[in-house]
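Asks: Here you go, sequence then predicted model.
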Amino acid sequence: MGGEMGDIAALEAQIAFVEDAVRALDDALAAQQQHILRLEQTIDRLQQQLKDQGARIDTVAAEGNESPPPHY
């Protein structure tokens, strides 16, 4: 009979360990999701800045095409 009580205590200890591990993984996952969200926002902002820069470069290039530079 004493063996069964030891087995139950061992199982309870394992369950407690697994519950702690799941909690830690859940916290880590939540933190990673927040980090990914911030990275996606940064990428969106950088893509918009590149698009805006490209539009400005295209405008400058179009204005510059009216007359060739002197060395041509």
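Replies: Looks like it arrived, so ask away.

Asks: Phe17 versus the residue minimising distance to the centre of the chain, what's the distance?
Replies: Residue closest to the average C-alpha location in the chain (Cα atoms, centre = their mean): Ile36, at 1.8 Å. According to Cβ to Cβ, to the nearest Å, Ile36 and Phe17 sit 28 Å apart. Backbone N, C-alpha and C define where each C-beta goes, glycine included.

Asks: residues contacting Glu40?
Replies: For Glu40, the contact set (Cβ atoms under 8 Å, 6 or more residues apart in numbering) is empty.

Asks: For it, give me the pLDDT.
Replies: Looking at Glu40, its pLDDT stands at 98.

Asks: cool, Ala24 as well?
Replies: Ala24 carries a pLDDT score of 98 in this model.

Asks: now it, what's its secondary structure?
Replies: helix (DSSP: H, G, I helix; E, B strand; the rest coil).

Asks: how much space between it and Val18?
Replies: According to Cβ to Cβ, Ala24 stands 11 Å off from Val18.

Asks: so where's the protein uncertain?
Replies: 1-2, 66-70, 72 (pLDDT under 70).

Asks: buried stuff in stretch 5-19?
Replies: Neighbour-count burial for stretch 5-19 flags no residue at all (criterion: 16 or more other Cβ atoms under 10 Å).

Asks: same thing with stretch 50-57?
Replies: Going by 16+ other Cβ under 10 Å, stretch 50-57 has no buried residues at all.
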